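Enquirer: Mind looking at a prediction? Sequence and model below.
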Amino acid sequence: MGLMLCPADDDVASPDISWSHYGFNLFREWLAQVEGFALPEMAGFGGKRAWSSITTTLAPLLNHPDDDGGLTPTQCVAMLPRLKEIVGERPQVVDDPVLQRRINDIRQLIAVMKYCVDKGVPLDFC
């Protein structure tokens, strides 16, 4: 069973991105590491560190239940610049297949978020 992030617009032609639950966890752990903290230290992920101690626009994505609701277009707008920045910081990823996968995932996520913003619909976790 997997997880898909897709626009809440019922349009089967809209962009989406999917992972296994394990793959999504690895993706979020990597994003948290890029943002300077370890996801397993956080409340809700096995640790005790409060999310209020984290300063990142990616917190709504990183601290979101895998199977409940979605992100608002406003939250997507706030996260897009940081996601684009992360991609821009890593222009050469050909030698590292894992990093290449993470960057490709971010690019897909950016496309889905942009679509949600343009259409004014939430980004659903389903």
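Expert: Ah, there it is. All of these numbers come straight from a predicted model, not from anything done at the bench.

Enquirer: what residue is smack in the middle of the protein?
Expert: Centroid check for the chain by C-alpha atoms, centre = their mean gives L61 as the closest residue, at 5.0 Å.

Enquirer: wait, doesn't that one sit right on M79?
Expert: Yes - applying C-beta atoms under 8 Å, one finds L61 in contact with M79, separated by 6.1 Å. Where C-beta positions appear, they are placed from N, C-alpha and C, glycine not excepted.

Enquirer: Now the common contact residues for those two.
Expert: L71 (C-beta atoms under 8 Å, 6 or more residues apart in numbering).

Enquirer: So which residues make contact with the helix or strand harbouring the residue nearest to the centre of the chain?
Expert: Element membership for L61 (DSSP states H and E) is helix 59-62. Helix 59-62 is touched from outside by R28, L31, A32, E35, L39, M42, W51, T56, L71, Q75, A78, M79, with contacts defined as C-beta under 8 Å, 6+ apart.

Enquirer: how about a cut-off of 6 Å?
Expert: R28, A32, L71, Q75 (C-beta atoms under 6 Å, 6 or more residues apart in numbering).

Enquirer: For the protein, which strand extends over the most residues?
Expert: Using DSSP state E to define each element, the chain has its longest strand at strand 2-7.

Enquirer: which stretches of the chain form strands?
Expert: 2-7, 17-20, 70-71, 123-125.

Enquirer: so which of these comes closest to V98?
Expert: Proximity to V98 (C-beta to C-beta) singles out strand 17-20 among those, at 13.7 Å.

Enquirer: list the buried ones in stretch 18-26?
Expert: W19, F24, N25, L26 (16 or more other C-beta atoms under 10 Å).

Enquirer: Contacts only, for the first one.
Expert: It stands for W19. L3.

Enquirer: could you measure it against V121, distance?
Expert: Going from W19 to V121 by C-beta to C-beta, to the nearest Å gives 21 Å.

Enquirer: got it, and the second one?
Expert: In this structure, F24 and V121 are 21 Å apart, going by C-beta to C-beta.

Enquirer: How about D68?
Expert: Using C-beta to C-beta, we find D68 at a distance of 17 Å from V121.
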